[in-house]
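Chemist: Quick check, what structure comes out for this input:
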Amino acid sequence: MTDIIIQGIYGRMGRALVEKIAARTDCRVAAGVDREAGRVGEIPVYASWQDVACNGIVIDFSSPAGAAAAAAWGAEHGMPCVICSTGLGSEELDILQKAAEKTAIFRSANMSLGVNVLIELAKQAARVLGSEYDIEIVEKHHRNKLDAPSGTALMIADAINAEAGGQYEYVYDRSQVRQKRGDKELGISAVRGGGIVGEHEVLFCGAEEVLTLSHSAGARTVFAEGAIQAALFLDGQQPGMYAMTDLLRGKLPCE
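Modeler: I've put the predicted structure just below:
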């Protein structure tokens, strides 16, 4: 039985984690950390990491500052951490790197297993199809999402670009460009509307055919499920920085 500590337990993802974990027999929620002390059912919630009175693998869905605090606590106590917060700056990333010298740190910009499989497939397609196909990424999210393009769209683009040796230039808006598509362009488009949880399409457009890879998240619980899988994966791992490629290795030919 793996004990888990959820940072951000009062939030939507925190509640999704509690619900998902309650239905499992291989892990349990030992505690939560959030803005104020209290309880979620029988789960104790602490307002500060200094008050936490138990051990467990940390799953963080909070903020950049919260992620850094969780990693620092994990390093001090030898507790692995799954960092799901996005928007981390250089300072927070440096804290995570230092924490990884003392404990296992898992970080991904998107915790969906399906999205990360999509990324691996996109890398393989880029390797096979090469420069003969134009590449476009289209991402769709709910109307309240603040950033565009999404971090996942950029993660897909970066993976493809790395596979191609960094040859692509990202193009986000062609409305003011009166010229044909360049050979080294990688287009990224964003759609915002309604309650779309998250959809991503990668199009490899050839002269006479189009290959489309797509992923659609039907509910936020897919991110909770991925975080739980990451936490179970970290149980017993040596200190270091881990990513979804480590979790998927053995299931896919990840590079």
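Chemist: residue ranges for the strands of the stretch 151-255 of the chain, please.
Modeler: Using DSSP state E, counting those that start in this stretch, the strands of the stretch 151-255 of the chain run over residues 169-171, 185-192, 198-205, 210-217, 240-242.
Chemist: The fourth one versus strand 198-205: what angle between them?
Modeler: Strand 210-217 and strand 198-205 meet at an angle of 170 degrees, taking axes from the mean of the first three to the mean of the last three CA atoms, to 10 degrees as the criterion.
Chemist: Partner strands of strand 210-217, with direction?
Modeler: Here strand 210-217 has these sheet partners by DSSP bridges: strand 198-205 (antiparallel).
Chemist: Next, the angle from the strand it pairs with to strand 185-192.
Modeler: Using the same axes, to 10 degrees: strand 198-205 against strand 185-192 is 150 degrees.
Chemist: what's in contact with strand 198-205?
Modeler: For strand 198-205, the surrounding residues in contact (CB atoms under 8 Å, 6 or more residues apart in numbering) are 112, 115, 118, 122, 125-126, 129, 133-141, 150, 152-153, 156, 160, 210-217. Where C-beta positions appear, they are placed from N, C-alpha and C, glycine not excepted.
Chemist: ok so, going back, export the strands of the stretch 151-255 of the chain as JSON lines, with columns for mean neighbour count.
Modeler: JSON lines is the format used below for the strands of the stretch 151-255 of the chain (neighbours: other CB atoms under 10 Å):
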{"stretch": "strand 169-171", "mean neighbour count": "14"}
{"stretch": "strand 185-192", "mean neighbour count": "18"}
{"stretch": "strand 198-205", "mean neighbour count": "20"}
{"stretch": "strand 210-217", "mean neighbour count": "15"}
{"stretch": "strand 240-242", "mean neighbour count": "16"}
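Chemist: Now distance to Ala68 and mean pLDDT too, for the ones you listed, in CSV please.
Modeler: Compiled in CSV, these are given as follows (distance: least, CB to CB, whole Å; pLDDT from 0 to 100):
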stretch, distance to Ala68, mean pLDDT
strand 169-171, 28, 96
strand 185-192, 28, 96
strand 198-205, 25, 96
strand 210-217, 27, 96
strand 240-242, 14, 97
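Chemist: Tell me which of these approaches Gly56 most closely.
Modeler: Proximity to Gly56 (CB to CB) singles out strand 240-242 among the strands of the stretch 151-255 of the chain, at 17.3 Å.
Chemist: Just give me how far that closest one sits from the chain centre.
Modeler: How far strand 240-242 lies from its chain's middle: 14 Å, per CA atoms, centre = their mean, to the nearest Å.
Chemist: do the same with stretch 134-148
Modeler: Here stretch 134-148 shows a centroid-to-chain-centroid distance of 15 Å under the convention CA atoms, centre = their mean.
Chemist: Identify the residues contacting it?
Modeler: Counting by CB under 8 Å, 6+ apart, 126, 149-150, 152-153, 156-157, 160, 168, 181, 185-206 sit against stretch 134-148.
Chemist: Recalculate using a threshold of 6 Å.
Modeler: Contacting residues not belonging to stretch 134-148 are listed as 149-150, 153, 156-157, 186-193, 195-196, 198-205 [CB atoms under 6 Å, 6 or more residues apart in numbering].
Chemist: Let's see it as PDB, backbone CA atoms only.
Modeler: The C-alpha atoms that make up stretch 134-148 are tabulated as PDB, following Å, rounded to 0.1, in the frame of the first residue of the first chain:
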ATOM      1  CA  ASP A 134       4.200  19.800 -43.500                       C
ATOM      2  CA  ILE A 135       3.400  19.700 -39.800                       C
ATOM      3  CA  GLU A 136       0.500  21.500 -38.000                       C
ATOM      4  CA  ILE A 137      -0.700  21.300 -34.400                       C
ATOM      5  CA  VAL A 138      -4.200  22.300 -33.500                       C
ATOM      6  CA  GLU A 139      -5.200  22.500 -29.800                       C
ATOM      7  CA  LYS A 140      -8.700  23.200 -28.300                       C
ATOM      8  CA  HIS A 141      -9.500  24.200 -24.800                       C
ATOM      9  CA  HIS A 142     -12.300  25.700 -22.700                       C
ATOM     10  CA  ARG A 143     -13.100  29.400 -22.900                       C
ATOM     11  CA  ASN A 144     -11.500  30.200 -19.500                       C
ATOM     12  CA  LYS A 145      -8.100  29.000 -20.300                       C
ATOM     13  CA  LEU A 146      -5.700  31.900 -20.100                       C
ATOM     14  CA  ASP A 147      -2.600  30.800 -22.100                       C
ATOM     15  CA  ALA A 148      -2.400  30.100 -25.800                       C
END
